[in-house]
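[1] Sequence and predicted structure, then a few things I'm wondering about:
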Amino acid sequence: MCGARQSSGYNAELMSINLETKSAVGNRIRMTRKTLHWTNLLAAILLLAAPLARAGENLKLNPHLDYSSDSNDGPLITGDRMDDAVAAGKPNYIIFYGEACYNSKHQARRTVSLYEKYRGRVNFVIIDLDQKHTQQQNDLISAHYRGSIPHVTIIDRNGKTLYDQAGEVDESDISKILDPQLK
């Protein structure tokens, strides 16, 4: 993983975990266990309140990516409706990435391959941490991003988080989570 930007602390008196991180564009994110609970609840409400929303479409990999380094090659994935967030009624695959991250480049390639396989059946939400975000994307960042990239989250059609981990993940592992959701 690259871009580890997380610091955490433990407050014995309050018995709570504090997370503080900064996005690549300098946005400060600080949460306790209680705020994590409320942000997850908010994300579920937003998911259910937006049944007509759609996520990224016509996703394509940046053809100029250098897979051998952490060079900044610009946005890793391009497409239409890139400002959208999760939508109800379909499973949602979300990737958080940084433009100058070796591991993010490899996960971006897998993401576009998965998009081609699941186009129209799974919503793909692409969050480039080096770009400006919509409020819905900021809510997803607050609810799921923990400071390391790439970070992949899968949310089912009802708003339940099925997978939420930093690091590269194989296409086959993602398919094992998505395929049962499509039956």
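    Happy to help now that I have it.
[2] So which bits of stretch 68-87 are buried?
    Buried residues in stretch 68-87, counting neighbours by 16 or more other Cβ atoms under 10 Å, are found at 70, 73, 75-79, 81-87. Yep, even glycine has a C-beta here, placed from its N, CA and C like the rest.
[3] Of those, which is the nearest to residue 105?
    Checking the buried residues of stretch 68-87 against residue 105 by Cβ to Cβ gives residue 76 as the nearest, at 5.9 Å.
[4] Tell me if I'm right that that closest one and residue 97 touch.
    Yes - when contacts are counted by Cβ atoms under 8 Å, residue 76 is listed as touching residue 97 (5.9 Å).
[5] Now the common contact residues for those two.
    Each of 104, 108, 128 lies in contact with both residue 76 and residue 97 under the rule Cβ atoms under 8 Å, 6 or more residues apart in numbering.
[6] which secondary structure element contains the first one?
    Put plainly, it is residue 104. Assigned by DSSP states H and E, residue 104 belongs to helix 102-118.
[7] Quick one: mean pLDDT for the helix or strand just after that helix?
    Using DSSP H and E, the next helix or strand after helix 102-118 towards the C-terminus is strand 123-128. When pLDDT is averaged along strand 123-128, the result is 94.
[8] give me every residue that touches residue 102.
    Residues in contact with residue 102 (Cβ under 8 Å, 6+ apart) are 2, 67-70.
[9] check contacts around the residue lying closest to residue 106 once chain neighbours are set aside.
    Leaving aside its chain neighbours, residue 106 sits nearest to residue 168 (5.8 Å; criterion: Cβ to Cβ, 6 or more residues apart in numbering). Residue 168 makes contacts with 1, 103, 106-107, 110, 150, as judged by Cβ under 8 Å, 6+ apart.
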